[in-house]
Every structure is written in structure tokens, then in C-alpha cells.
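Chemist: pasting a predicted model and its sequence here:
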Amino acid sequence: MNCLIALVLWQAFAAGGLIPTPLKVIESIGKILSSNDFFDNLFTSLTLTLKGMGYSILIALLICYLSLIPIFNPLAKFIIKCRYLTLTGLIFLFTLITSNGHNLKMSLLIFGIVPFFVTSLLSIIDSINEQEYELCKTLRMNNWQALLEVVIIGRLDQVFEVMRQNFAIAWMMITMVEGLNMSEGGLGTMLIKSNKYIDLGAVFAILVIIFAIGVCFDYLLKKLRGWFFPYTTLQLRK
């Protein structure tokens, strides 16, 4: 009901103005979905995002597991602080380091995601109860076995939840990094071109599409977590 009221107010106040009305946005969505290159651009953006997420989670897991060794702990702490670095000032540096536009986009995407992954994963590791390690010792496990059972296998469901939460960051960044090299296409390229020609109907339509895809992926990842780790959906009886 609230959404309907909001749409009616939007339609009323935007009519005849610069901001496109909901009907104009819906019309633009139809045109975009029926265009020949939309699904190619969508595939490009999804591929880049999923590859970036895959590399980022592997790098973050490696850093977090190594942080249990004291010599690597300062590295993990430094990466956490990198959350406050702005990517805009580092684009030139990454351009010099990478060999082509695709690697530039991938590198920036990974650099932007990894610090948030590491922050969340370290908080999971720090919250582990010492009694779990003591139980492993009682079962005559060595340190490596305890690490495998308690930190790696025992926290896979939480790692999956961290991945779901941080997908939003990657999906939000995709339009920015795709604007650095538009030769490969992508939803970000479509958004920037529409914005360049002040086609606000198309701009709002692409934003709605990006938002809808993000919400769908969030729902899908939430369901996958429930399927892979059914115990996370169990409710304790009062």
C-alpha cells in the first residue's frame, strides 16, 4: 500500500518536470529489455561481478586464516584499514599496474571488496568461543585439525552469509568500474551513456533493473544458504 501511494505521488509531482514519471520509467524498462544488446551487457556485468566475488572471497579467506599465525596478523589488520581508501585516487596506479581494461576493472573491484570481506571474516573468527578449541584438544586433535573443524568447516555457513552481504558492495561498484573501460559493455556502460545524453527515463530504468537484480540475487543467496546449511533455518522451541 505504501509503495502504491509513493508511486502515485511520484507520478503526480514528476508529471511535466525533469524527473521521469513511473510510467515513463516502465516504458523505458520495456525498451531496454527488448533491445538487442541488453542481455549481452547483463551477462558482462554478472560475469565480472561473480568473478570479482570469487577471487575476493578466496583472497580474504586466505588472509584471515593466515592471520591466526601471529606474523600475518598485522597484514590482516592493515587490510581492514584499507576500507577507508578511496578508489578514485588509485585508478591511475592500477592503470599502470594492469595490462588491459578488463584487468583494471577486476583489480579495482577486488581491491574494493576484499577489505570488507576480511573485516567480516575476522569478526567471525574473533567471536569463536575458546571452549570449541578446548573440545578439539579433548578429542586429541592437533592444531591443524582444530583449525579445520572449528574455523574452516565450522564457520562455512557464516562465510556464506558474509558473501551474501558483501555481494551488494560488489554489485554497487560494478557501474563505477565498468565506466573506466566501456569497450566490453555492461550495465554500467549503458547507465553512463544514458546519463551522458541526459536520457533520464533510461537512467532511472537501468537503476531499477540493477536494483531488482540485486534484490533477486540477495534472495537467491539467502535461499542457497538455507539449502546448503539447513541447520541455520532451524528455530529453537520456546
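Modeler: Structure received. Numbering: from 1, shown residues only.
Chemist: all helices of the protein, in order?
Modeler: Secondary structure of the chain (DSSP state H): helices located at 2-14, 22-34, 38-66, 73-81, 91-97, 101-126, 130-138, 143-146, 156-178, 187-196, 200-228.
Chemist: any chance of TSV for those helices, columns mean neighbour count and mean pLDDT?
Modeler: (Glycine included, C-beta is placed from N, CA and C.) Below are those laid out as TSV (neighbours: other CB atoms under 10 Å; pLDDT from 0 to 100):
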stretch	mean neighbour count	mean pLDDT
helix 2-14	11	71
helix 22-34	15	88
helix 38-66	18	93
helix 73-81	14	92
helix 91-97	12	87
helix 101-126	20	91
helix 130-138	12	83
helix 143-146	12	83
helix 156-178	19	89
helix 187-196	19	89
helix 200-228	16	91
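Chemist: how much space separates Ile57 from Lys196?
Modeler: Distance of Ile57 to Lys196, computed by CB to CB, to the nearest Å: 34 Å.
Chemist: centroid residue for this protein?
Modeler: The residue lying closest to the centre of the chain (CA atoms, centre = their mean) is Phe167, at 2.2 Å.
Chemist: wait, that one touches Tyr219, no?
Modeler: No. Using CB atoms under 8 Å, Phe167 is not in contact with Tyr219; the gap is 11.3 Å.
Chemist: ok, for Cys136, nearest residue in space, not its chain neighbours?
Modeler: Leaving aside its sequence neighbours, Cys136 sits nearest to Ala146 (CB to CB, 6 or more residues apart in numbering; 3.8 Å).
Chemist: for Phe167, give me its contacts.
Modeler: Applying CB atoms under 8 Å, 6 or more residues apart in numbering to Phe167 gives the contacts Thr49, Met53, Gly214, Phe217, Asp218, Leu221.
Chemist: typo on my end, Ala202
Modeler: Ser28, Lys31, Ile32, Met190, Ser194.
Chemist: in TSV, list those residues along with distance to Leu75.
Modeler: Compiled in TSV, these are given as follows (distance: CB to CB, whole Å):
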residue	distance to Leu75
Ser28	47
Lys31	49
Ile32	44
Met190	38
Ser194	42
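Chemist: of those residues, which is the nearest to Ile124?
Modeler: Nearest to Ile124 among these, counting by CB to CB, is Met190 at 36.8 Å.
Chemist: who are the contact partners of the closest one?
Modeler: Going by CB under 8 Å, 6+ apart, Met190 touches Ile32, Phe38, Asn41, Ala202, Ile206.
Chemist: repeat for Val118
Modeler: Each residue near Val118 by CB under 8 Å, 6+ apart is listed here: Ala60, Ile63, Cys64, Ala76, Ile79, Ile80.
Chemist: now it: how far from Phe111?
Modeler: Between Val118 and Phe111 the computed distance is 12 Å (CB to CB).
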